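Asks: how would this look folded up:
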Amino acid sequence: MAEVVIVPDEAAAGALVADAIVGLIGGKPDAVLGLATGSTPLPVYRALAARIAETGLDVSRVRGFALDEYVGLPPGHPESYRSVITREVVEPLGLAPGLVHVPDGRPVGIRTAAADYERAIREAGGVDLQILGVGRTGHIGFNEPGSSMASRTRVKTLTEPTRIDNARFFDSIDEVPMHCITQGIGTILDARHLVLLAFGAAKAPAVAAAVEGPVTSSQPGSAIQLHEHVTVVVDEAAAADLQNADYYRYAWANKPSWQSL
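Replies: Model (predicted):
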């Protein structure tokens with residue numbers, strides 16, 4: 001069972017996860033972080049940047065791997081995930097740019113980009129802590145419903161709901177790419193610790209399906225139930241459909257002081 005932590009708001013979630021990452025880096029200065037994009041992980045990155053500034057934590061050896069990238073957007077496009085990761089993670093946290101990787105979504109070389117990315121993750125020793133969001137369709141990364149639980153990094157076609165959701169970052173939906181390159185569910189499950197975040201009532205059905213529903217490719221987020229170390233951090237609205245919410249609150253309130261996330 002995943003550890004589910006229900007917090008008052010996004011700021012509390014960001015602080016909680018940032019503290020866990022600080023502890024990870026403190027014990028492993030060359031820790032490998034799995035980096036999600038979108039609005040959901042922003043509270044974590046902001047809180048982590050503040051912790052690093054406050055403590056002077058050395059992050060010069062921290063490595064990172066983004067979950068996904070659009071296919072066809074130039075790396076310098078402001079909404080390419082390379083640009084987003086640079087703007088929202090690398091620069092605020094002071095990470096070494098050369099140690100933070102994003103899948104190569106350029107059409108040139110796209111046939112080998114997935115295999116290249118898988119190899120880079122393996123050569124880094126794997127991901128220590130993977131930050132995840134979950135989409136309204138239940139997708140994690142860009143693994144849309146129907147994705148294999150054993151899938152590896154590959155090119156996928158985005159669903160219309162996902163393109164509509166992401167259109168807020170573009171001038172129109174017509175500018176949202178149709179394809180992406182994403183870590184597969186099997187790739188994500190290789191990480192040593194998964195931290196899934198979700199906020200707002202719109203995410204409540206997907207959270208309930210991921211945490212308490214059957215494990216099914218129709219709800220890719222449910223794959224987290226197959227992992228031995230999962231932390232789900234949600235606000236009250238996103239937790240609204242959880243049948244065992246009272247137990248999750250009880251377990252968190254009585255968590256041993258020596259246990260970390």
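Asks: how about the helices in the protein?
Replies: 10-27, 42-55, 81-85, 91-93, 110-123, 160-166, 185-189, 204-212, 245-253 (DSSP state H).
Asks: which one, of those helices, ends up nearest to E228?
Replies: Between E228 and the helices of the chain, the shortest gap by Cβ to Cβ is with helix 185-189, which sits at 9.7 Å. Using the backbone N, CA and C atoms, a C-beta is placed for each residue, glycine as well.
Asks: could the helices of the chain go into a markdown table alongside mean pLDDT?
Replies: As requested, these are exported to a markdown table (pLDDT from 0 to 100):
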| stretch | mean pLDDT |
| --- | --- |
| helix 10-27 | 98 |
| helix 42-55 | 98 |
| helix 81-85 | 96 |
| helix 91-93 | 98 |
| helix 110-123 | 97 |
| helix 160-166 | 88 |
| helix 185-189 | 98 |
| helix 204-212 | 98 |
| helix 245-253 | 97 |
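Asks: got those helices as JSON lines, with mean neighbour count and distance to V195 columns?
Replies: Shown next, in JSON lines, are the helices of the chain (neighbours: other Cβ atoms under 10 Å; distance: least, Cβ to Cβ, whole Å):
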{"stretch": "helix 10-27", "mean neighbour count": "19", "distance to V195": "6"}
{"stretch": "helix 42-55", "mean neighbour count": "18", "distance to V195": "8"}
{"stretch": "helix 81-85", "mean neighbour count": "22", "distance to V195": "17"}
{"stretch": "helix 91-93", "mean neighbour count": "16", "distance to V195": "16"}
{"stretch": "helix 110-123", "mean neighbour count": "15", "distance to V195": "17"}
{"stretch": "helix 160-166", "mean neighbour count": "16", "distance to V195": "21"}
{"stretch": "helix 185-189", "mean neighbour count": "23", "distance to V195": "12"}
{"stretch": "helix 204-212", "mean neighbour count": "22", "distance to V195": "13"}
{"stretch": "helix 245-253", "mean neighbour count": "13", "distance to V195": "14"}
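Asks: OK, contacts around S147?
Replies: H139, K156, G184, I185, S217, P220 (Cβ atoms under 8 Å, 6 or more residues apart in numbering).
Asks: for R61, find the nearest of the helices of the chain.
Replies: So among the helices of the chain, helix 10-27 is nearest, using Cβ to Cβ, at 8.8 Å.
Asks: mind listing what's buried along stretch 227-246?
Replies: By neighbour count on 16 or more other Cβ atoms under 10 Å, the buried set for stretch 227-246 is 227, 230-235, 237-242, 245.
Asks: so which of the residues you listed belong to strands?
Replies: Here DSSP state E is the test, and those give V230, T231, V232, V233, V234, D235 as lying in strands.
Asks: kind regards, and thank you for your time.
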